[in-house]
Structures are given as structure tokens and as C-alpha cells.
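Student: Compute the structure for the input listed below.
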Amino acid sequence: MHIVTIEGIPYAWLEQLQEIHAHVFNGANLPLEKLETKEGLLCILAIESEKLIGFKLGYPHPDGVFYSWLGGVHETKRGQGIASQLMKQQHEHIKTLGFHNVRTYGRNARKAMLITNLKHGFDIVSTFVDDKGRHKIIFEKPVE
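Tutor: Numbers count the residues shown, from 1 in each chain. Have a look, this model is predicted:
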């Protein structure tokens, strides 16, 4: 496996990104138009045998914090530390871009990601209920 870092939309990987997004997020669509609205989009991709097996997407938040937006690993590849590798690569890269803090949101329904965030030094800083009525946990950490 190797990790690819792309600043901007990963056009060469777009179809596979949309497929794995649907796989990870219960069939949810990730249209190109949505990606195009994310100024400063950063894509970290885990590739194995020319197949996308995991991803981590994020972009600068207006308050100057980098927002780690979406991520996931194909279910057949989970438990191998791929999400952690993607996170580490994202944090290393955003540090070179001048960011000092990273934020992400989590949900109780995705406990593995909550645990991964805590293991990697994120603090729970707040919670809120989104426009779909789902409780979200806000995690933040300094990029070291």
C-alpha cells in the first residue's frame, strides 16, 4: 500500500473515491459538485494495487483551523492501521501548509473513528445537533 496526497480534486481517482465513499457511508453520494465547493481541498488516498482502499478529505475552515471532513477505509481493509496512516499523513501535510490546529466531527454511530481520534490526541471540545437531528462530537488538536 502507498499513500497519495493531492491538493485539489483527485480527478484521476474520482470514480473510485465516489465508490468507496458510498461503501463507507451506506450508499451516500459524493458528487463532484460538492467537492468543487471545498476551497483548499486536500485528499489523502490509500492505494493498493491501483485500487483505492481508503481516503481522508479536508479543507481549511474559515476560522483558520483545518477541517478534516470525510474519511474511511474499505471494510475488507479495516483493522490494519490504514485510517491512522491517512490521519498522520494529513496532519504532516497540513503542518507544511501552515496550519496549527485540526478539527473533525464524529458521531456515536461510528465508534471506531471516535476511538481513532482519541488515540491520536484529539480532545472533545463540544457537541451539537446537526440539521438532520444527529448528535455530533467536535474534536480538535494541535498539529505538532
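Student: ok, and what's touching the longest helix seen in the chain?
Tutor: In the chain, ranked by residue count with DSSP state H as the criterion, the top helix is helix 82-96. Residues from elsewhere that reach helix 82-96 (C-beta atoms under 8 Å, 6 or more residues apart in numbering): 1, 3, 5, 42, 44, 46, 53-56, 58, 66, 68, 71-73, 102, 112-113, 116, 119-120, 143-144. Just so you know, the C-beta spots here come from the backbone N, C-alpha and C atoms, and that holds for glycine as well.
Student: Narrow these to those in strands?
Tutor: Judged by DSSP state E, the subset of the contacts of helix 82-96 located in strands is 3, 5, 42, 44, 46, 53-56, 58, 66, 68, 71-73, 102.
Student: Take the helix or strand of the chain with the lowest mean pLDDT, keep the C-alpha atoms, and write them as CSV.
Tutor: Every helix and strand in the chain was compared by mean pLDDT, DSSP states H and E; the lowest is helix 111-119, with a mean of 90. What follows is helix 111-119, C-alpha atoms only, in CSV (Å, rounded to 0.1, in the frame of the first residue of the first chain):
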residue,chain,number,x,y,z
LYS,A,111,-17.3,4.4,17.4
ALA,A,112,-14.1,3.2,15.7
MET,A,113,-13.5,6.7,14.3
LEU,A,114,-14.1,8.2,17.8
ILE,A,115,-11.6,5.9,19.3
THR,A,116,-9.0,6.6,16.5
ASN,A,117,-9.4,10.4,17.1
LEU,A,118,-8.8,10.0,20.8
LYS,A,119,-5.8,7.7,20.3
